[in-house]
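K.L.:
Here's my sequence, what's the structure:
(4 chains)
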Number of protein chains: 4
Amino acid sequence: MDFAYDAKTEELREKLLRFMDEHVYPAEATLERELAEATDPWARTPVVEVLKAEARKQGLWNLFLPGEHGGGLTNLQYAPLAEITGRSPHLAPEALNCAAPDTGNMEVLTMFGTEQQKKQWLQPLLDGEIRSAFCMTEPDVASSDATNISTRIERDGDEYVINGRKWWSSGAMAPNCAIFIVMGKTDPSADRHHQQSQILVPRDTPGITIKRGMHVFGYTDGAHGGHAEIEFTNVRVPAENLIAGEGEGFAIAQARLGPGRIHHCMRLIGMAERALELMCKRANERVAFGKPIAAQGVVQEWIAESRVRIEQARLLVLKTAWLMDTVGNKGAHTEIQSIKISVPAMTEWIIDKAIQAHGAAGVSQDTPLADLWANTRTLRLADGPDEVHRMSLAKRELKKYL
Amino acid sequence: MDFAYDAKTEELREKLLRFMDEHVYPAEATLERELAEATDPWARTPVVEVLKAEARKQGLWNLFLPGEHGGGLTNLQYAPLAEITGRSPHLAPEALNCAAPDTGNMEVLTMFGTEQQKKQWLQPLLDGEIRSAFCMTEPDVASSDATNISTRIERDGDEYVINGRKWWSSGAMAPNCAIFIVMGKTDPSADRHHQQSQILVPRDTPGITIKRGMHVFGYTDGAHGGHAEIEFTNVRVPAENLIAGEGEGFAIAQARLGPGRIHHCMRLIGMAERALELMCKRANERVAFGKPIAAQGVVQEWIAESRVRIEQARLLVLKTAWLMDTVGNKGAHTEIQSIKISVPAMTEWIIDKAIQAHGAAGVSQDTPLADLWANTRTLRLADGPDEVHRMSLAKRELKKYL
Amino acid sequence: MDFAYDAKTEELREKLLRFMDEHVYPAEATLERELAEATDPWARTPVVEVLKAEARKQGLWNLFLPGEHGGGLTNLQYAPLAEITGRSPHLAPEALNCAAPDTGNMEVLTMFGTEQQKKQWLQPLLDGEIRSAFCMTEPDVASSDATNISTRIERDGDEYVINGRKWWSSGAMAPNCAIFIVMGKTDPSADRHHQQSQILVPRDTPGITIKRGMHVFGYTDGAHGGHAEIEFTNVRVPAENLIAGEGEGFAIAQARLGPGRIHHCMRLIGMAERALELMCKRANERVAFGKPIAAQGVVQEWIAESRVRIEQARLLVLKTAWLMDTVGNKGAHTEIQSIKISVPAMTEWIIDKAIQAHGAAGVSQDTPLADLWANTRTLRLADGPDEVHRMSLAKRELKKYL
Amino acid sequence: MDFAYDAKTEELREKLLRFMDEHVYPAEATLERELAEATDPWARTPVVEVLKAEARKQGLWNLFLPGEHGGGLTNLQYAPLAEITGRSPHLAPEALNCAAPDTGNMEVLTMFGTEQQKKQWLQPLLDGEIRSAFCMTEPDVASSDATNISTRIERDGDEYVINGRKWWSSGAMAPNCAIFIVMGKTDPSADRHHQQSQILVPRDTPGITIKRGMHVFGYTDGAHGGHAEIEFTNVRVPAENLIAGEGEGFAIAQARLGPGRIHHCMRLIGMAERALELMCKRANERVAFGKPIAAQGVVQEWIAESRVRIEQARLLVLKTAWLMDTVGNKGAHTEIQSIKISVPAMTEWIIDKAIQAHGAAGVSQDTPLADLWANTRTLRLADGPDEVHRMSLAKRELKKYL
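P.N.:
This is a model prediction of the structure:
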């Protein structure tokens, strides 16, 4: 249980902190402006490309990916870096080519892709030339139970034919999103965990209709390529687009969830730190009733509680990362669920207080807080609502005493 | 302490409930569509005008306003009606010409306006022909303490000259918003509560620059005319535009706050009821892990708690209304603060749970919940953050034992 | 929905408030001393008898009981009086002969007793000459579901024979507790709600073993006659001791629960007010870091929140009382559950804060707070844990939308 | 940041866990019986002496104390052992001679005592032959600010004369409590942090009156020697009884607080684990409405939340211990405050839920839960109320951004 940052991590942290100061924070205003001026709400903003080039030049690239294709870091090494990118979640993760859902898709292709699939889709993703989407959640079923997925992927000669409706396919509204990984059922008669498969579907395949972007509170998340609702009507792709084999879809989904959740939680720690920093600065500066609001006991309670909660959450995330590195994702199951349950709620609480300390400015576009809040609130639902994870964790706890 | 709905109230409730069913709820989708299709994001939507005409025809008009100009209702009579309009807050209040800030502005003009002011501005407001804004909050000072206001209103011959910067002037982005009531200092050397004045400023007066619309968790609130940031540079209006006399601004502001707060709280009860209804329907319909989520104990707890909290909040709002009617706004000070502190927090809690019960749909544009949430969250800040009201209420409580 | 205190209520309130000031509060220290000096921990304290005599003289007697035998008050009239007695819960309720479980037992005998039963047991209870216990809860089953009760009451000739084990029989440790009402099964083969009966069992009947007094946190509640665990082994009573008929036990239990719960909640409002008063006084007096802790924002938040929560709770209790009076206990089912769920939690929260404001004194015998807290905490469990009531309330709410 | 348990820790944990199973848990019922049967409520119970002898034999003795006199463990090594003792807080800590306030007193004597003081008082304490008390808190002042202490320690020739009133002197009611360390002012005119001194006062010195034992939610904590209120009237001790020098009292107090707080928190983790275990067992066993309450979603939420909160709290305690070992108590100031703020609240929450899962049994003497709860609740006040620590922590956080 050693969570100390090793030399490599410290070196990367320093480099990344400098990159944030010199490039990312100053780019936040630019991004706002570019988004406001964009004629196509889904078009990628030039500032992101500038940041990507700079990050790659500095070796801050694909850090999320273990092994030779990426930064080669362990989860424990990556955690403090991901935390830092969470402080500017619309820019930093993508700048480092570490943004969801590309990260999960790259992991899947690295682990399960054929040589041809890697060449065609993994490489441009690793190079940050294209983006990708993961089409799993469906509007008509409780997708927290993956076995409910109803999209069909049917073999027809040398092709698979896909029919179904997906939503919350994040990133899919963006024109540079070139490839989808689609989850669906190849064999509804197989046992619960072997009915699903995952398949690569280029975004421009006939039969695909991008119906609309879903909103998150009032946000479209255009900077991230939004969250698409997509209809697949007799969409045909070559049989070799299937990832791993038929019936492997559930296993592949499980493989991506562990890292996906911990990346979210790492970044949430960073968001919480950013919110706390903003709250402290505001409290020091804003004067009401003749003294800075930093002198108000209620504000002090928010700040003390925030610090305590962040410390606890960070330690649990680090322990989870360390466990994933040492005993594997399965051995870290309880901890992965624990951070999924607790970290978004913690961050949401802190951002809420930071908003309150800012008055009306806090809910507006003048601070990043409202946007961070909406992002965070959604993570109490993404990858399954917290309630489902609590139920599952409790059942394992109860079993100890049966 | 008799909160029973009398015959007049019951009759109006029935009429209003029918109006909601027949006209308002069906218009919600129309509003969405008209907003999506609008080229000018601030243009008023046709559907609202249709509703206004119908409501006026049915006698559901200006119900908020006591006395001959309005519905002639007491606060206690109006409360259950305002609650109903809160169920569809983007349509119903304006349909009945009972939307803030017009309501407060009409009250002020009714109480303090000259005959000329009434003829020129009150009458078209009462007729729903124009809308209005109240320019009080400023970006640079803690406006929860009204004595901080820094905008200047200076006499110059037969005119007043206004200089300053305001924001969160709700409704002011809309083209049909014709008139502003601006709060500012006429005499910074007077005692704390007699420095301010309020003055009528037509929106098209030279020197006014509408700089931008403030966002609320990503929403622009375009349907309500948004929340404007406005610069006043040497804006000149005739001296007779002053409301009441110089130095009366603080008193006028106090007079509008009581009803303003209780109207918000009444509508919040309606929002909470709407959210609870949506949560129950969803829980009955949505199946996860083989049974409707209505069978989940956690969801049942949310629902039971919601019902209990709504009942308590409604009773306190009704008591407050009854007190305002019987002992006046000043006598109801503690209760007005109590509902300001507790009702938004209650409603926010319920909407949060309703969102969670809806999964990702809950944060999206597919239910009214996310929008209701943002609206509600903001009311923990509007008219002064809850913390300020708690402090003030506590001091009065503590004084009882000194 | 008229909760105003009528003339009779106001007159009784005034009289009762004076009685509290002149007799009850001064007696609190006496009670402490008498309890500390008692050789028998369950012996009744002389001070209580003095208070009883005085209260009866003043006409403050049996106010809980509607009809000719008691004060003849409605629930709405009794509520504000019960609230006042809750301020000194170890003395005032018994002083007025309004203490549980005697109240419930007197109600049951009034409604269901034969002339003989009334003469023998109701009359001395009404006169405050004896006390009584209600033996329902059993250690071995979840008694929140009354159909689980396993004690047997079997007919044998002219007698009934009782076998079983009960606990939490409040008051039964006291030597002056003369009579038990025992709930048990006369016919386990009948339908769920007709298996139980209730029967009168004198405390000195052979076969009864009072095993021990249950503790509540560290308290024995000796002032109330404690909470007994009792074994019934072949306990024989005459057949005419049965209340109403065989199989009526469940219905009788239901009849007593409504008033029982609302009496608890009324008194809890009084406890909350007492705690808030103590908190305010302490905050005004105690100096830390150079100023009274009343000047601390955090303490002010506690006080403001306490006031708001009490107001909301009181209104809901009053509404419940009014409903019970106007539409009956069954029609007030949702409201009775609502106050059972919310009022103990509210009071517990306030007492917790009052304790915190008192520092270590707050958990000790030097203020009534720790004792009030233990009492209140237990009411989240008594008459069924809150969770059961929430479940039941939610199911009714959900049914509205099926 | 390496919190792994090293070989020595693992070996001691194993030994201690076996000791708990074989000796401590079985002794809990014995302790209950011995306390119930004791004629002197403050007399030490024989079972404790049996456990002490056994623990010492096994080398489970004075583990809290670093250096040659004790177990020689670091804070990080001791933490998981203290956690285990917290599972049975009335027996295990004292059995291992690791119970407060002896631990703090032994630390103080080890660090600051003269040879004579060590021989006379430290040695019998290390041998578990006597117990001790720390007389600091006073009834009349807010003792969370140590500079408020008003007890006088005045030099008079070869003696010091002590006058003042103390309370919450834990352990001092016990006949085998032989020695007090008393904090008081030797020089009220010195600067704030040099007015106080600490002095050794044998319990049988003339002028000492043990006035009473303070209660904690009805408990006397007799098993621990209670919490005494003590009057010192012209109490004379030899001048060589002074610890360190005049004016060193505040520094000595600071030195003992760090370890004192972390020991409390370590044990609280163990209490929380015990409560969670009891909750799980009860949930698996207790049937209500036809299924074990373990199947109720609400109970599952309690359990999942408990597990998550314990994990987070334990990690923060371990980090604090590690920091104290590596950068010293001063460098770990924020973390020590963080656990003081968060761990008692966490444990209290879990015990509250465990109580609720047990129904009425949970508040009674039939489970350890009510007792654990009272103990835990008090730790939100002991060593200064949480609010004071939050204020102090927040001020340091705010300073980062000044």
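K.L.:
elements contacting the host helix or strand of A:Arg236?
P.N.:
Using DSSP states H and E, A:Arg236 maps to strand A:227-238. Counting contacts by 3 or more Cβ pairs under 8 Å, 6 or more residues apart in numbering or on different chains; DSSP states H and E, strand A:227-238 packs against strand A:159-170, strand A:196-202, strand A:208-213. The C-beta positions use only the backbone N, C-alpha and C, and glycine is treated the same way.
K.L.:
Disregarding residues adjacent in the polypeptide, which is nearest to whatever residue of the stretch 51-200 of chain A ends up closest to chain B?
P.N.:
Of all residues in the stretch 51-200 of chain A, the one sitting closest to chain B is A:Ala142 (3.9 Å; Cβ to the nearest Cβ). Spatially, and ignoring its direct neighbours in sequence, A:Ala142 is nearest to B:Ala288 (3.9 Å; Cβ to Cβ, 6 or more residues apart in numbering or on different chains).
K.L.:
I'd like the distance between that neighbour and B:Ser342.
P.N.:
B:Ala288 is 33 Å from B:Ser342, where distance means Cβ to Cβ, to the nearest Å.
K.L.:
pLDDT wise, what is the residue of the stretch 51-200 of chain A closest to chain B at?
P.N.:
Predicted confidence (pLDDT) for A:Ala142: 82.
K.L.:
Next one: the residue most central in space within chain A from A:Lys166, what distance?
P.N.:
Nearest to the mean C-alpha position of chain A, by Cα atoms, centre = their mean, lies A:Ala100 at 4.1 Å. In this view, A:Ala100 and A:Lys166 are 16 Å apart by Cβ to Cβ.
K.L.:
A:Thr347 too?
P.N.:
27 Å.
K.L.:
between the two, who's got more neighbours?
P.N.:
A:Thr347 (33 against 26; other Cβ atoms under 10 Å in any protein chain shown).
K.L.:
residues in contact with the more buried one?
P.N.:
A:Leu268, A:Ile269, A:Met271, A:Ala272, A:Ala275, A:Ala313, A:Leu372, A:Thr376 (Cβ atoms under 8 Å, 6 or more residues apart in numbering or on different chains).
K.L.:
Which members of those additionally contact chain D?
P.N.:
On the criterion Cβ under 8 Å from any Cβ of the partner chain, A:Ala313 are the entries of these that sit beside chain D.
K.L.:
Mind listing the residues bridging to the spatially closest residue to A:Met214 that is not a sequence neighbour?
P.N.:
Spatial nearest neighbour of A:Met214, chain neighbours left out: A:His227 (4.2 Å); criterion: Cβ to Cβ, 6+ apart. Assessed by DSSP bridges, A:His227 has beta-bridge partners A:Ser170.
K.L.:
same question, the one 4 residues further on
P.N.:
With DSSP bridges as the criterion, A:Glu231 is bridged to A:Arg165, A:Thr209.
K.L.:
for chain A, where's the lowest mean pLDDT among helices and strands?
P.N.:
Sorting the helices and strands of chain A by mean pLDDT, DSSP states H and E puts strand A:287-288 at the bottom, at a mean of 91.
K.L.:
Close to chain C: what parts of chain A are there?
P.N.:
A:Gln296, A:Gly297, A:Val298, A:Val299, A:Gln300, A:Glu301.
K.L.:
mind redoing it with 10 Å?
P.N.:
Residues of chain A lying near chain C by Cβ under 10 Å from any Cβ of the partner chain: A:Ile293, A:Ala295, A:Gln296, A:Gly297, A:Val298, A:Val299, A:Gln300, A:Glu301.
K.L.:
between B:Ala288 and B:Ser342, which one's more packed in?
P.N.:
B:Ser342 (24 against 20).
K.L.:
That one - nearest residue in space that isn't next to it in sequence?
P.N.:
What sits nearest to B:Ser342 in space, not counting adjacent residues and going by Cβ to Cβ, 6+ apart, is C:Val308, at 5.0 Å.
K.L.:
Find the helix or strand that A:Leu16 is a member of.
P.N.:
If you go by DSSP H and E, A:Leu16 is part of helix A:7-19.
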